[in-house]
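Engineer: Build me a model from this:
(one chain, ligands or ions: 2)
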Amino acid sequence: MRVETPTAVRLEGVVRRYGELEAVRGIDLTIGRGDFFGLLGPNGAGKTTTLAMICGLIDPTRGRILIEGDARRPLAGATKRKLGLVPQEFAFYPTLTARENLAFFGRIYGLAGHRLRERIDAVLNIAQLQERDREPITHYSSGMKRRLNIAIGLLHEPEILILDEPTVGVDAQSRSAILETLRKLNRDGTTVLYSTHYMEEAERLCNRVAIIDQGRVMATDAPRELVRALAAGLIELQLGVPATADFLTSLRQLGTVELPGPDAMTLTVSSLQPEVALPELLGLAQAAGLPIRRLHLLEPNLEAVFLALTGRQLRD
Ligand SMILES: Nc1ncnc2c1ncn2[C@@H]1O[C@H](COP(=O)(O)OP(=O)(O)OP(=O)(O)O)[C@@H](O)[C@H]1O
Ligand SMILES: [Mg+2]
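Structural biologist: Ligands and ions are numbered 1, 2, ... in the order given. Below you'll find the model as predicted:
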């Protein structure tokens with residue numbers, strides 16, 4: 001039995017139009033308090049539009065959004081202060097230093113004096129920028145800029161942290177620093193809602209994900225549940241001789257068989273239960289006297305879930 005956690009954010013039938021274009025087409029979502037929630041989707045899926053509505057930057061055309069049960073609109077100040085937004089585009093002054101930027105944004109959040117200095121030090125520390133805090137941002141790498149963008153969103157200690165593609169365009173080292181920071185904030189009680197098109201990253205981090213495509217939620221669940229229910233594993237097989245018609249017929253009992261090459265020596269079998277299909281496949285090949293040159297098992301993952309739901313690969 002799943003224990004229901006209190007709701008942090010709830011979307012009910014949310015639609016958003018831009019003129020003729022319906023960018024978000026009726027989204028229902030529930031993000032529990034303490035969740036590390038991933039909004040996954042390709043370019044143009046409606047991720048930024050959805051996050052902007054949750055933060056109250058734009059209004060839904062239809063439907064409603066509740067933050068901890070509160071649906072007042074425009075969002076009351078107290079509700080707004082619970083949210084921290086890290087936007088997809090950098091939002092800071094490039095000629096100022098990190099410290100100057102943080103002081104500026106801190107004052108917008110109503111911080112001042114000792115408390116402001118304390119929060120600036122805290123977020124510089126979290127973003128691992130404390131040693132470069134007095135340099136103009138123009139000197140920063142894109143990973144450092146991403147981290148500063150996050151630091152700004154954390155200044156007022158939001159209970160719900162919303163990040164729009166926080167790991168785009170950063171090197172592997174900055175990326176893992178960012179992800180580790182988010183993981184720690186989440187462990188310490190912050191609800192994290194973030195958008196990404198990196199399925200593999202979301203699979204590792206999130207306890208729940210929603211897959212969105214063309215403004216609709218295609219599925220919501222724990223990544224492991226989605227993979228179990230929807231993702232086919234792919235067995236790639238290379239034979240030493242062409243497959244016989246009989247062999248192909250019996251293989252089709254195990255899953256969907258495709259012959260990607262010009263000859264019948266390379267084939268793929270996709271199956272929802274690859275761990276069952278694999279030994280059977282080996283048995284069939286042996287019984288048919290077909291030598292196996294190469295065998296490769298591609299694990300089911302969120303990429304495969306996306307493919308199963310949309311019929312398309314998710315690529316940058
Ligand atoms: N201000 C706007 N005016 C008109 N159309 C818009 C506006 N903002 C977004 N759109 C359109 O709405 C759709 C959803 O855009 P959105 O930015 O929410 O997608 P996204 O999932 O964030 O994409 P990306 O991964 O590229 O950031 C797209 O077709 C986009 O072109
Ligand atoms: Mg976006």
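Engineer: How about the contacts made by the residue of the stretch 51-200 of the chain found nearest ligand 2?
Structural biologist: Of all residues in the stretch 51-200 of the chain, residue 88 sits closest to ligand 2, at 4.9 Å by CB to the ion. In this view, the C-beta of every residue, glycine as well, is placed from N, C-alpha and C. Contacts for residue 88 (CB atoms under 8 Å, 6 or more residues apart in numbering) come out as 48, 164-165, 168, 195.
Engineer: Helix, strand, or coil at it?
Structural biologist: Following DSSP: H, G, I helix; E, B strand; the rest coil, the label given to residue 88 is coil.
Engineer: Which residue comes closest to it once chain neighbours are left out?
Structural biologist: Closest residue to residue 88 in three dimensions, ignoring its sequence neighbours and counting by CB to CB, 6 or more residues apart in numbering: residue 164, at 3.9 Å.
Engineer: and that neighbour, how many neighbours?
Structural biologist: Applying other CB atoms under 10 Å, we find 22 residues neighbouring residue 164.
Engineer: Same question for residue 293.
Structural biologist: 11.
Engineer: Same check on residue 156?
Structural biologist: When neighbours are defined as other CB under 10 Å, residue 156 has 19 of them.
Engineer: what about this structure, any weak spots by pLDDT?
Structural biologist: Within the chain, the ranges that satisfy pLDDT under 70 run 1-5, 72-75, 315-316.
Engineer: what residues does it put near ligand 1?
Structural biologist: For the chain, the contact set with ligand 1 under CB under 6 Å from any ligand atom comprises 18, 21, 23, 41, 43-49, 88, 197.
Engineer: So which of those are in helices?
Structural biologist: Within those, residues falling in helices by DSSP state H are 47-49.
Engineer: who wins for neighbours among the residues you listed?
Structural biologist: Result: residue 47 is most packed of those (other CB under 10 Å), 23 neighbours.
Engineer: Now that one: closest residue in space that isn't a chain neighbour?
Structural biologist: Spatially, and ignoring its direct neighbours in sequence, residue 47 is nearest to residue 195 (3.9 Å; CB to CB, 6+ apart).
Engineer: can you give me the offset of the helix or strand hosting that neighbour from its chain's centre?
Structural biologist: Taking DSSP states H and E as the criterion, residue 195 maps to strand 191-196. A distance of 7 Å separates the centroid of the chain from that of strand 191-196, by CA atoms, centre = their mean, to the nearest Å.
Engineer: ok, is it in contact with ligand 2 or not?
Structural biologist: No - Strand 191-196 stays clear of ligand 2 (CB under 5 Å from the ion), getting no nearer than 6.5 Å.
Engineer: Work out the sheet partners of that strand and label each with its direction, please.
Structural biologist: Strand partners for strand 191-196, identified by DSSP bridges, are recorded as strand 36-40 (parallel), strand 160-164 (parallel).
Engineer: Any chance you could list what contacts the last one?
Structural biologist: I take that to be strand 160-164. Outside strand 160-164, the residues that touch it by CB under 8 Å, 6+ apart are 8-9, 47-48, 51, 54-55, 67, 82-88, 150, 153-154, 182, 185, 190-195.
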